[in-house]
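Asker: after the sequence you'll find the predicted model.
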Amino acid sequence: MNTSLSLHKIYNILYASYGPQSWWPADTPFEVMFGAILTQNTNWTNVERAVAGLRSVVSLTPAGVLSLPDAKLQEAIRPSGYFRQKAARLQIFCRYLLDKYDGQIEYMKGVPTRELRHELLDLAGIGPETADSILLYACALPVFVVDAYTVRLFARLGLCEDNAKYDKVQALFMDNLDPDVQMFNEYHALIVRHVKERCRKREPKCGDCKIRDMCAFYLRSQISDLR
DNA sequence: GTCCAGGGCCTAC
DNA sequence: GTAGGCCATGGA
């Protein structure tokens, strides 16, 4: 089968179905970065509460976050869950931004993407998805973001294993698509939109369930003629 | 009451 | 190298 053609076709179907998603939902690159940490394994609604809580006590900048005592920071982001861990992760990340780049995102973008990604992954609490979300949505670098939704959908489409590793799934996209920041941005957001609305975690047993149809059978039927 | 959410880290085997 | 436990809140 032609993987590249299938990936393009799926993107076109999702885009035609949902339209542009205008991600990341944040006002500034710093807010994107903080949100990327706060959203780890957490419902986005709770992340919004945490961001609002943080904004209510301090400016959403590295210096602002670091100006808060531990307890105040934890309390501000409490609704996002894992608040002790995430407070520490935010502090480590903000300290890195200030020490290494003087808090200037433009300076970060001068570093080769691969090198920058390794730097982020070396920080405690920044794994591949969080790092790539920061690179794509805050730094506008052409890095494809993979998450649990991506694996759920593309495993059901037969394009990856259901227990596929992060780097392997990312390579599926980056080896078969042009490095287009805007398209990578929309593609990931569209996957999240589609899976949230259509793909339950546990697939229904019945073969004619509409949710399952939209999740896998429908998309599969749309691309079958291309394989 | 149970499941789930835009992960990551640590430990045990 | 990988399965399992842990971190925590809030909505469906």
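Answerer: Received it, and whenever you're ready, just let me know what you need. Numbering: from 1, shown residues only, chains lettered A, B, ... in the order given.
Asker: got the contact list for whichever residue of chain A sits closest to DNA strand B?
Answerer: Going by C-beta to the nearest atom of the strand, DNA strand B is nearest to residue A:127 of chain A, at 2.2 Å. For the C-beta atoms, the positions are set from N, CA and C on the backbone; glycine is no exception. Listed by C-beta atoms under 8 Å, 6 or more residues apart in numbering, the contact set of residue A:127 reads residue A:121.
Asker: phi first, then psi, for it.
Answerer: phi -100, psi -170 (degrees, to the nearest 10).
Asker: next: residue A:177.
Answerer: The phi/psi pair for residue A:177 (degrees, to the nearest 10) is phi -130, psi 150.
Asker: that one: what's it in contact with?
Answerer: If you count contacts by C-beta under 8 Å, 6+ apart, residue A:177 has them with A:4, A:7, A:8, A:144, A:183, A:184, A:187.
Asker: and the residues you listed, which are buried?
Answerer: By neighbour count, with 16 or more other C-beta atoms under 10 Å, the contacts of residue A:177 hold A:7, A:8, A:144, A:183, A:184, A:187 as buried.
Asker: distance check, the closest residue in space to the second one that isn't next to it in sequence against residue A:183.
Answerer: Going back to what we said before, that points to residue A:8. Leaving aside its sequence neighbours, residue A:8 sits nearest to residue A:177 (C-beta to C-beta, 6 or more residues apart in numbering; 7.4 Å). Applying C-beta to C-beta, to the nearest Å, the value for residue A:177 to residue A:183 is 7 Å.
Asker: do a quick rundown of the helices in chain A.
Answerer: Under the criterion DSSP state H, chain A contains helices at A:3-18, A:29-38, A:44-57, A:62-66, A:70-77, A:83-101, A:105-108, A:113-121, A:128-133, A:148-156, A:166-174, A:181-198, A:210-212, A:218-223.
Asker: re earlier: so how far is residue A:189 from the residue of chain A closest to DNA strand B?
Answerer: Going from residue A:127 to residue A:189 by C-beta to C-beta gives 20 Å.
Asker: ditto for residue A:100
Answerer: Taking C-beta to C-beta, one finds residue A:100 at 29 Å from residue A:189.
Asker: which of the two has more residues huddled nearby?
Answerer: More crowded of residue A:100 and residue A:189, by other C-beta atoms under 10 Å: residue A:189, with 20 against 13.
Asker: in contact with the more buried one, which residues?
Answerer: Going by C-beta under 8 Å, 6+ apart, residue A:189 touches A:21, A:22, A:23.
Asker: which among the residues you listed count as buried?
Answerer: The neighbour count (16+ other C-beta under 10 Å) marks A:21, A:23 as buried among these.
Asker: which residues touch residue A:32?
Answerer: With C-beta under 8 Å, 6+ apart, residue A:32 has these contacts: A:24, A:26, A:133, A:134, A:137, A:138.
Asker: can you redo those as CSV with neighbour count and distance to residue A:36?
Answerer: Output for the contacts of residue A:32, formatted as CSV (neighbours: other C-beta atoms under 10 Å; distance: C-beta to C-beta, whole Å):
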residue, neighbour count, distance to residue A:36
A:24, 22, 8
A:26, 19, 9
A:133, 26, 4
A:134, 28, 5
A:137, 25, 7
A:138, 22, 7
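Asker: let me have these in a markdown table, extended by pLDDT and distance to DNA strand B.
Answerer: Output for the contacts of residue A:32, formatted as a markdown table (pLDDT from 0 to 100; distance: C-beta to the nearest atom of the strand, whole Å):
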| residue | pLDDT | distance to DNA strand B |
| --- | --- | --- |
| A:24 | 96 | 5 |
| A:26 | 96 | 8 |
| A:133 | 98 | 6 |
| A:134 | 98 | 9 |
| A:137 | 98 | 6 |
| A:138 | 98 | 10 |
